[in-house]
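# All I have is the shape, not the residue letters:
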Ligand SMILES: O=C(O)[C@H](O)[C@@H](O)[C@H](O)[C@H](O)COP(=O)(O)O
């Protein structure tokens, strides 16, 4: 494991090894937080991540994790119907959540009707309201500065252009601080309408695990080098921190220019 500034990282030879490590990391934190607090708040993203979580569906994790204590959120979501193949909710439900015993009431998807209508602004406002209610119910604590919710673990991915969640290079959402959840209607990665946690919310999490596997684009390893060697803050993912630990899991191809 390597460490620089606030970042720690591991490079894995294969996606499979990365996936094994991600399951171990997640299971360890699940056990820790379930023991300490009686629940575990986990934030998912879309993209390849859900595939890489598949090791959690195998022994020893599938039967040992206290799934009933999980509360699941999305760091970003595409504003479309739940049945739409673009939906991050559908991706996670089909590939992961439907296979484990997380109570439905603990799975916090965006508003079904506004999502189907494509109303990104309302979806963002309602998702923020949902988080604020969970703070009132003591399911989500606030971080020490009292301004933002604090999730236990966020599982994130980075796009080849250096975006994370739906915070894209050159777009203003990265600067939003007065909201917990904001929206975008012209996302360069399709579909264009999305909601996303704001940067201060992302960085308030206790643990952030960013997993990046190169899909054989040249851009991805360049962005990783730009972040790790030059801390190029034009790339949203370069801003990632966390309260306790910011961990990057890279496959060999994504780390090839380091
Ligand atoms: O809704 C989304 O598109 C995602 O949440 C997005 O932020 C994703 O995590 C990255 O783009 C990485 O995606 P890949 O793993 O597909 O490269």
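Now that the structure is in, tell me what you want to look at. Just so it is clear, the structure is predicted and the values come from calculations on it, not from any experiment. Residues are numbered from 1 along each chain as shown.
# Every contact and neighbour count from this point should use C-alpha atoms.
Will do.
# Output the lowest mean pLDDT helix or strand found in this structure.
strand 2-4 (a mean of 63; mean pLDDT, DSSP states H and E).
# So the closest residue to the ligand within the stretch 1-150 of the chain: helix, strand or coil?
Among all residues of the stretch 1-150 of the chain, residue 47 sits closest to the ligand, at 3.2 Å; criterion: C-alpha to the nearest ligand atom. On the three-state scheme (DSSP: H, G, I helix; E, B strand; the rest coil), residue 47 is labelled coil.
# Now do it: how many residues are near it, please.
The number of residues packed near residue 47 is 16, by other C-alpha atoms under 10 Å.
# in which helix or strand would I find residue 113?
Assigned by DSSP states H and E, residue 113 falls within helix 112-117.
# The longest helix seen in the chain and the ligand, are they touching?
When the chain is parsed with DSSP state H, its longest helix is helix 15-37. No - Helix 15-37 is not in contact with the ligand by C-alpha under 6 Å from any ligand atom; minimum separation 11.7 Å.
# hmm, back to that, the residue of the stretch 1-150 of the chain closest to the ligand contacts residue 157, correct?
Yes - using C-alpha atoms under 8 Å, residue 47 is in contact with residue 157, at 7.1 Å.
# Flag every residue of the stretch 151-258 of the chain that's near the ligand.
Near the ligand, when you scan the stretch 151-258 of the chain using C-alpha under 6 Å from any ligand atom, you find 156-159, 164-166.
# Filter those down to just the ones in strands.
Those of those mapping onto strands are 156-157, per DSSP state E.
# neighbour-wise, which of the residues of the stretch 151-258 of the chain next to the ligand leads?
residue 166 (30 neighbours).
# what's near enough to touch residue 14?
Applying C-alpha atoms under 8 Å, 6 or more residues apart in numbering to residue 14 gives the contacts 251-252.
# Over to the one 4 residues further on?
Listed by C-alpha under 8 Å, 6+ apart, the contact set of residue 18 reads 12, 52, 249-251.
# Report the separation between it and residue 209.
Distance of residue 18 to residue 209, computed by C-alpha to C-alpha, to the nearest Å: 12 Å.
# Residue 235 too?
From residue 235 to residue 209 the distance is 17 Å (C-alpha to C-alpha).
# and if you look at residue 168?
Applying C-alpha to C-alpha, the value for residue 168 to residue 209 is 19 Å.
# picking up where we left off before, find residues that contact each of residue 18 and residue 209.
Common neighbours of residue 18 and residue 209, counting by C-alpha under 8 Å, 6+ apart, are residue 249.
# I figured residue 247 hits residue 210, correct?
Yes - between residue 247 and residue 210 there is a contact under C-alpha under 8 Å: 6.2 Å.
# ok, and the closest non-adjacent residue to residue 9?
Closest residue to residue 9 apart from its sequence neighbours, by C-alpha to C-alpha, 6 or more residues apart in numbering: residue 248 at 4.5 Å.
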